[in-house]
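S.K.: Below are the sequence and a predicted model; questions follow.
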Amino acid sequence: MEAGEAKSKKAGGSRLCCICNQRRPVLKRPKTLQQICRECFYEVFEEEIHQVIVGNRLFKSGERVAIGASGGKDSTVLAYVLSELNRRHNYGLDLFLLSIDEGITGYRDDSLETVKRNEVQIVSYKDLYGWTMDEIVKMIGLKNNCTFCGVFRRQALDRGAALLKVDKLVTGHNADDIAETVLLNILRGDIARLSRCTSITTGEDGPIPRCKPFKYTYEKEIVMYAYFKKLDYFSTECIYSPNAYRGFAREFIKDLERLRPRAILDIIKSGEDFRIATTTKMPEQGTCERCGYISSQKWCKACVLLEGLNRGLPKMGIGRPRGSGNDQKDTKARSTAKSIESKQCGSLEF
Amino acid sequence: MQLTLEFGGGLELLCDSEKIHKVNVDLPNGADSDDFTMTHLLSWVRTNLIKERPEMFMKGDTVRPGVLVLVNDCDWELSGQLDTVIEDKDVVVFISTLHGG
């Protein structure tokens, strides 16, 4: 190859940005396979999110909105873009930052430093539940800790949102995350979650509705946006996560993306269009007897897990409910159905 | 050739927690400077810079899916990925996306 050709090939030189046709492209969009320059990238990225917000009527003027801010890439970009769009398009929102301290030494304390540079409300597991993740892991080991953390975090976010007296919560879940969740729920046969997990707004009938403006935004673009805009974020894998089942779904999605980037959005589309068979029994929504939180069982998951921790029975609330196990005196509904179809959804655990 | 290599998104932990590495890479014996591509560079990085858990950085001959590569601030998908020719004074950035957000 001649030197001149090599140089221009590397700079993508002979091609120009697909959109403006003027500048040198710096990125190939996985969503559209277009080659675009930095300025056009900022524009389409921000405009698409604006369209998602407006098209799905995520907000109303005057609302107080808390941004779930972990200091990581998604929430950092979310806080930046949302406050920019709020200003540019006059959404009329009052924005707040809400952070959860799970009590993971060396992980969360560092990322919270990133967030703390702004004003932020912090809610900690220690204050809410009396346990840090470090203490929980010491008790239960390295398996199933994500179950505890995920359940506790969801409630913690609701509590924090109530403290801030906000009307809505936004999180930085991106397209990759949602595609992973669809796959996870299929792999586990969790029909109840499968029917909900692609909704852009959830929990409208609960304490605080929450929405995901990045639902159709690719993780790659979020990272590239943060990189070009020089947004500072914290990026370490949680030390307790390597055994999480989601890791397998993530690996698979990443391999898929390499072959056919559009697959991520297509999985979400499939998830949106799933309809549950009318013969499938779905859990009914009620409230937890112990704490009043929303729950499909007698006790909400957080109460079950906490009870297990406090009684030194770390397996409580984990695993499939057995017929007559006496350490399963937790209040999970026992499954005596003979066929898969009439099994109570949401009661299967991995 | 002199190169600047940057590691982000957690990858720096695989390289003694150093984010930026200014390195001197020797061309493979008898090779033309036009022949030095990302394939060669990746191999060099794996051997010389990655001190632990190489599977977090590479899978087979290429980067692990989820690791973004930028050559002179430009997505390597635009320049042929592994076939991208690397030249003296180039800046190559590796960013992992595989962590919480």
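M.R.: Arrived safely.

S.K.: OK, contacts around A:Ile186?
M.R.: A:Ile186 makes contact with A:Leu194, according to C-beta atoms under 8 Å, 6 or more residues apart in numbering or on different chains. Quick note: C-beta positions are derived from backbone N, CA and C, even for glycine.

S.K.: And A:Leu183, by the same measure?
M.R.: Contacts for A:Leu183 (C-beta under 8 Å, 6+ apart) come out as A:249, A:252-253, A:267.

S.K.: do the same with A:Phe96
M.R.: A:64-67, A:119, A:121, A:164, A:166.

S.K.: Please report which of those residues has the highest neighbour count.
M.R.: Within the contacts of A:Phe96, neighbour counts (other C-beta atoms under 10 Å in any protein chain shown) peak at A:Ala66, which reaches 28 neighbours.

S.K.: what's the helix or strand for that residue?
M.R.: Taking DSSP states H and E as the definition, A:Ala66 sits inside strand A:64-68.

S.K.: same question, A:Lys60
M.R.: Going by DSSP H and E, A:Lys60 is not in any helix or strand.

S.K.: Just give me the neighbour total for it.
M.R.: A:Lys60, neighbours per other C-beta under 10 Å, totals 11.

S.K.: and the one residue in chain A that gets nearest to chain B, how many neighbours?
M.R.: At 2.8 Å from chain B, A:Asp74 is the closest residue in chain A, using C-beta to the nearest C-beta. Neighbour count for A:Asp74, taken as other C-beta under 10 Å: 27.

S.K.: Name the surrounding residues that touch the helix or strand harbouring it.
M.R.: Element membership of A:Asp74 [criterion: DSSP H and E] is helix A:73-88. If you take C-beta under 8 Å, 6+ apart as the criterion, helix A:73-88 is touched by A:45-46, A:49-50, A:53, A:65, A:67-69, A:91-93, A:95, A:97, A:114, A:118, A:170-174, A:177, A:213-214, A:219, A:222-223, A:225-226, A:229, A:231-233, A:235, B:9, B:97, B:99, B:101.

S.K.: now the angle from that helix to strand A:64-68?
M.R.: 150 degrees (axes from the mean of the first three to the mean of the last three C-alpha atoms, to 10 degrees).

S.K.: Figure out the helix or strand that B:Thr39 lives in.
M.R.: Using DSSP H and E, B:Thr39 maps to helix B:38-48.

S.K.: what's the average pLDDT for the following helix or strand past that helix?
M.R.: Later in the chain than helix B:38-48, the nearest helix or strand by DSSP H and E is strand B:58-59. Strand B:58-59 shows a mean pLDDT of 93.

S.K.: and stretch B:8-22, anywhere near chain A?
M.R.: Yes: under the criterion of C-beta under 8 Å from any C-beta of the partner chain, chain A is reached by stretch B:8-22 at B:8-10, B:13.

S.K.: Let's see which of the contacts of A:Leu183 end up in strands.
M.R.: Residues of these located in strands (DSSP state E): none.

S.K.: Give me the buried subset of those residues.
M.R.: Neighbour counting with 16 or more other C-beta atoms under 10 Å in any protein chain shown marks A:249, A:253, A:267 as buried within those.

S.K.: Now these in CSV, please, with extra columns for pLDDT and distance to B:Val25.
M.R.: Listed next are the buried ones among the contacts of A:Leu183 as CSV, based on pLDDT from 0 to 100; distance: C-beta to C-beta, whole Å:
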residue, pLDDT, distance to B:Val25
A:Ala249, 92, 37
A:Ile253, 94, 33
A:Ile267, 97, 40
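
S.K.: Sketch out the low-pLDDT regions of chain B for me.
M.R.: B:30-31, B:100-101 (pLDDT under 70).

S.K.: For it, which segments count as strands?
M.R.: For chain B, the strands defined by DSSP E cover B:2-8, B:20-24, B:58-59, B:62-63, B:67-71, B:91-96.

S.K.: Is any residue of the helix ranked longest in chain A near chain B?
M.R.: Assignment by DSSP state H gives helix A:145-164 as the longest helix of chain A. No: using C-beta under 8 Å from any C-beta, helix A:145-164 never reaches chain B; the gap is at least 10.7 Å.

S.K.: And that helix, what's buried?
M.R.: Applying 16+ other C-beta under 10 Å to helix A:145-164 flags A:145-149, A:151-161, A:164 as buried.

S.K.: Report the backbone C-alpha coordinates of that helix in PDB.
M.R.: Output of helix A:145-164 as PDB, limited to C-alpha atoms (Å, rounded to 0.1, in the frame of the first residue of the first chain):
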ATOM      1  CA  ASN A 145     -24.800 -10.800  46.400                       C
ATOM      2  CA  CYS A 146     -26.100  -9.000  43.400                       C
ATOM      3  CA  THR A 147     -29.600 -10.200  44.400                       C
ATOM      4  CA  PHE A 148     -29.300  -8.400  47.700                       C
ATOM      5  CA  CYS A 149     -27.700  -5.300  46.300                       C
ATOM      6  CA  GLY A 150     -30.200  -5.000  43.500                       C
ATOM      7  CA  VAL A 151     -33.200  -5.400  45.700                       C
ATOM      8  CA  PHE A 152     -31.900  -3.000  48.300                       C
ATOM      9  CA  ARG A 153     -30.900  -0.500  45.800                       C
ATOM     10  CA  ARG A 154     -34.300  -0.200  44.200                       C
ATOM     11  CA  GLN A 155     -35.900   0.500  47.600                       C
ATOM     12  CA  ALA A 156     -33.000   2.800  48.500                       C
ATOM     13  CA  LEU A 157     -33.700   4.900  45.400                       C
ATOM     14  CA  ASP A 158     -37.300   5.200  46.300                       C
ATOM     15  CA  ARG A 159     -36.500   6.300  49.900                       C
ATOM     16  CA  GLY A 160     -34.000   8.800  48.600                       C
ATOM     17  CA  ALA A 161     -36.500  10.100  46.100                       C
ATOM     18  CA  ALA A 162     -39.100  10.500  48.900                       C
ATOM     19  CA  LEU A 163     -36.500  12.400  51.000                       C
ATOM     20  CA  LEU A 164     -35.900  14.800  48.100                       C
END
